[in-house]
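[1] no sequence on hand, only this structure:
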């Protein structure tokens, strides 16, 4: 039986199968955890904390996807498949979807309107991802 991730694979679809790579996986975890730690520092600006937390969430979500043996062709898909890769629900991926939109508006339109609540919610979602990843084996299957 095919997984929901398999259904997202194909020439015009956002995933392709690719065997997991332990070195890549560990590098993504290290990168994500370092950024998550820095994002929690209250002396940084909200914008910096947002960027760090968003990039931490992306690195950790990508690690979860790569661990399952898939590579994305679109940045956003790593957040959309969190229910499949980590078993986390809408309380995580909805925050990440909103933050992805904020990130894009900032990057492509120069409009970053965030507040402390957004950063707090993003940090919380990212911490849930990190905690869930920590319960898995340290290397991909």
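    Alright, I've got the coordinates. From a predicted model like this one, the values you see are computed outputs, not experimental measurements.
[2] per-residue pLDDT, the residue nearest to residue 58 when sequence neighbours are not counted?
    Among residues not flanking residue 58 along the chain, residue 78 sits closest, at 6.3 Å (CB to CB, 6 or more residues apart in numbering). Any C-beta I mention is one placed from the backbone N, CA and C, and that applies to glycine too. pLDDT, residue 78: 96.
[3] tell me the secondary structure at residue 78.
    With DSSP: H, G, I helix; E, B strand; the rest coil as the basis, residue 78 sits in helix.
[4] these two touch, right, it and residue 61?
    Yes - in this structure, residue 78 is within contact of residue 61 by CB atoms under 8 Å, at 4.0 Å.
[5] and those two? Which one has more around it.
    More crowded of residue 78 and residue 61, by other CB atoms under 10 Å: residue 61, with 30 against 26.
[6] the more buried one and residue 83 touch, don't they?
    No - the pair formed by residue 61 and residue 83 falls short of the contact definition of CB under 8 Å, at 11.5 Å.
[7] am I right that residue 71 is in a strand?
    Yes - looking at residue 71 with three-state DSSP, it is inside a strand.
[8] so how many other residues sit close to it?
    Residue 71: 17 neighbours (other CB under 10 Å).
[9] quick one: contacts for the closest residue in space to it that isn't next to it in sequence?
    With CB to CB, 6+ apart as the criterion, residue 71 has its nearest non-adjacent residue at 4.3 Å, and that residue is residue 18. Each residue near residue 18 by CB atoms under 8 Å, 6 or more residues apart in numbering is listed here: 66, 69, 70, 71.
[10] so what's residue 18 scoring on pLDDT?
    Confidence score, pLDDT, at residue 18: 95.
[11] what about it, distance to residue 69?
    7 Å (CB to CB, to the nearest Å).
[12] buried residues, the least confident helix or strand in the chain by mean pLDDT. List them.
    Within the chain, no helix or strand scores below helix 90-109, which has a mean of 91 by mean pLDDT, DSSP states H and E. Residues 92, 93, 95, 96, 99, 100, 102, 103, 106 are the ones in helix 90-109 that count as buried (16 or more other CB atoms under 10 Å).
[13] surely the fifth one is in contact with residue 50?
    Yes - under the criterion of CB under 8 Å, residue 99 makes contact with residue 50 at 7.4 Å.
[14] sounds good, over and out.
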